[in-house]
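Participant: Need a 3D model of the following:
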Amino acid sequence: MPRKARFCPAGYPVHIIQRGNNRQAIFTCDADTAAYAHWLNEGAERFGVGIHGWVFMTNHVHLLATPSHEDSLSRMMQYLGRLYVRQFNYAYTRSGTLFEGRFKTCIVQKNRYFLNCLRYIELNPVRAGMVKAPGDYRWSSYRAHAFGVAVRMWSPHQLYRELGNNKLQRQRAWRDFIGEAPDIETLAKIRRCANTGLVLGTESFRAQVQKLRT
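Facilitator: I've put the predicted structure just below:
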């Protein structure tokens, strides 16, 4: 029986989590991560997905992206998974699955929730004790937002653009925002929604999304 299609309506940002099977590593070196980023960029361009934020950890990935069509995200992730797993298995003389089942998705409201989710994603390496500052970690969108580092797959969201009148103002505002202590309740809500697939936003926004399902 075919799987039920993902509900990812066009124009709504989605927090995506993809994990290694049994929490095994999906990246063992920078070359692996670069290959994943390459296929992600190709998939995003091919299927019409705006990639606003990301972090590539050792055994999992977080993305914040907006699809242009209802099936854009699923098609992008299928494309990415097929090509990356093939390359990974060939490189390490292995076979079989690499990722843990289906990737997780959570629709995110385009307001403060979006910005908090983006901050949550970029601070993953700091929370994991891998680096002291987010700028020390190469494989996230932080350097693009905070310092203007050019990344092909990066599609700055309108909410980020509204942080300042020019690039320097936006970069400074993002560094300041990242430096703020995150609200514990909001942090817990982001994690809960990400793991369960609940909509991340206000009750009225959840009701709005629910109407789209019917």
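
Participant: Every contact and neighbour count from this point should use C-alpha atoms.
Facilitator: OK.

Participant: Is it correct that residue 115 falls within a strand?
Facilitator: No - counting by DSSP: H, G, I helix; E, B strand; the rest coil, residue 115 is located in no strand; its state is helix.

Participant: any idea how far it is from residue 62?
Facilitator: Taken as Cα to Cα, to the nearest Å, the spacing of residue 115 relative to residue 62 amounts to 14 Å.

Participant: These two: who's more crowded?
Facilitator: Taking other Cα atoms under 10 Å, residue 115 and residue 62 do not tie; residue 62 has more neighbours (25 against 19).

Participant: can you pull up the bridge partners for the more buried one?
Facilitator: According to DSSP bridges, the partner residues bridging residue 62 are residue 17, residue 55.

Participant: residues touching it, list them.
Facilitator: By Cα atoms under 8 Å, 6 or more residues apart in numbering, the contact set of residue 62 is 15, 16, 17, 18, 54, 55, 56, 121.

Participant: biggest separation within these, which pair?
Facilitator: Pairwise distances across these (Cα to Cα) peak at 13.6 Å, for the pair 15 and 56.

Participant: want to throw the contacts of residue 62 into CSV with distance to residue 202?
Facilitator: Putting the contacts of residue 62 into CSV (distance: Cα to Cα, whole Å) gives the following:
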residue, distance to residue 202
15, 16
16, 19
17, 21
18, 25
54, 23
55, 25
56, 28
121, 20
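
Participant: a markdown table please, covering those and showing pLDDT and neighbour count.
Facilitator: As requested, the contacts of residue 62 are arranged in a markdown table below (pLDDT from 0 to 100; neighbours: other Cα atoms under 10 Å):
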| residue | pLDDT | neighbour count |
| --- | --- | --- |
| 15 | 98 | 26 |
| 16 | 98 | 21 |
| 17 | 97 | 19 |
| 18 | 97 | 21 |
| 54 | 98 | 24 |
| 55 | 98 | 24 |
| 56 | 98 | 25 |
| 121 | 98 | 23 |
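
Participant: Report all helices and strands that the longest helix anywhere in the chain contacts.
Facilitator: Determined from DSSP state H, the single longest helix within the chain is helix 72-91. Taking 3 or more Cα pairs under 8 Å, 6 or more residues apart in numbering; DSSP states H and E as the contact definition, the neighbouring helices and strands of helix 72-91 are helix 30-47, strand 49-56.

Participant: which one of the contacts of residue 62 is nearest residue 185?
Facilitator: Looking at the contacts of residue 62 and their distance to residue 185, the nearest is residue 121, at 16.1 Å (Cα to Cα).

Participant: Now the element after the longest helix of the chain, going C-ward?
Facilitator: On the C-terminal side of helix 72-91, the closest following helix or strand by DSSP states H and E is strand 104-107.

Participant: tell me the average confidence for that following strand?
Facilitator: Averaged across strand 104-107, the pLDDT comes to 96.

Participant: Note down every partner strand of it and its orientation.
Facilitator: Based on DSSP bridges, the pairing partners of strand 104-107 within the sheet are strand 14-19 (antiparallel).

Participant: in the helix or strand hosting residue 143, what counts as buried?
Facilitator: According to DSSP H and E, residue 143 maps onto helix 142-147. By neighbour count, with 16 or more other Cα atoms under 10 Å as the criterion, the buried positions of helix 142-147 are 142, 143, 144, 145, 146, 147.
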